[in-house]
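Enquirer: coordinates only, no sequence provided:
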């Protein structure tokens, strides 16, 4: 029995918490606000409130989508920043390698000139020595 009485009170309490109730022109409604504030609005204002609520819902959806796009954009920016850092470090590495290669090529060219000069002098020396040897041999063995 007590359970039945409690369920009746609960049903009355649930029906009292209806958020919107339409009162048509000429009708009367008695309300006793317990713990809440009651607002009386005309039809135009109620339509505006409903439209504002719908717009707020749409704006919240847009905000959610824009936040997702911002997060995606931040991820893309972070990826691009890491790529930029990688390219900068690779560029520095390859610049250093190119500088070392150019220095090695310049050193190899200087060494090649030096050995070419020595080979020329050695060829001239061998030709002069052969000529002197031939003359000395011709003079001695004549």
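Expert: Arrived safely. The structure presented is a predicted model; accordingly, all values stated were derived computationally and were not measured. Numbers count the residues shown, from 1 in each chain.
Enquirer: spatially central residue for the protein, please.
Expert: residue 77 (2.0 Å; CA atoms, centre = their mean).
Enquirer: distance from the longest helix belonging to the chain to the middle of the chain?
Expert: Looking across the chain with DSSP state H, the single longest helix is helix 43-140. How far helix 43-140 lies from its chain's middle: 21 Å, per CA atoms, centre = their mean, to the nearest Å.
Enquirer: quick one: list the elements packing against it.
Expert: Helices and strands in packing contact with helix 43-140 are not found; criterion 3 or more CB pairs under 8 Å, 6 or more residues apart in numbering; DSSP states H and E. C-beta here means a position set from N, CA and C on the backbone, and glycine is covered the same way.
Enquirer: any idea how far residue 62 is from residue 75?
Expert: For residue 62, the distance to residue 75 equals 20 Å [CB to CB, to the nearest Å].
Enquirer: so, low pLDDT: which residues of the protein?
Expert: Residues of the chain meeting the criterion pLDDT under 70: 1-20, 33, 38.
Enquirer: ok, 90 please
Expert: By pLDDT under 90, the low-scoring segments of the chain are 1-47, 49-50, 89, 137-142.
Enquirer: the spatially closest residue to residue 23 that is not a sequence neighbour in helix, strand or coil?
Expert: In this structure, residue 23 finds its nearest non-sequential neighbour in residue 29, 4.9 Å apart by CB to CB, 6 or more residues apart in numbering. Of the three states, residue 29 takes coil under DSSP: H, G, I helix; E, B strand; the rest coil.
Enquirer: ok, residue 29 touching residue 22?
Expert: No: between residue 29 and residue 22 there is no contact, the gap being 9.6 Å when judged by CB atoms under 8 Å.
Enquirer: and the residue nearest to residue 23, how many neighbours does it have?
Expert: 8 (other CB atoms under 10 Å).
Enquirer: and residue 54, how far is that from residue 47?
Expert: 11 Å.
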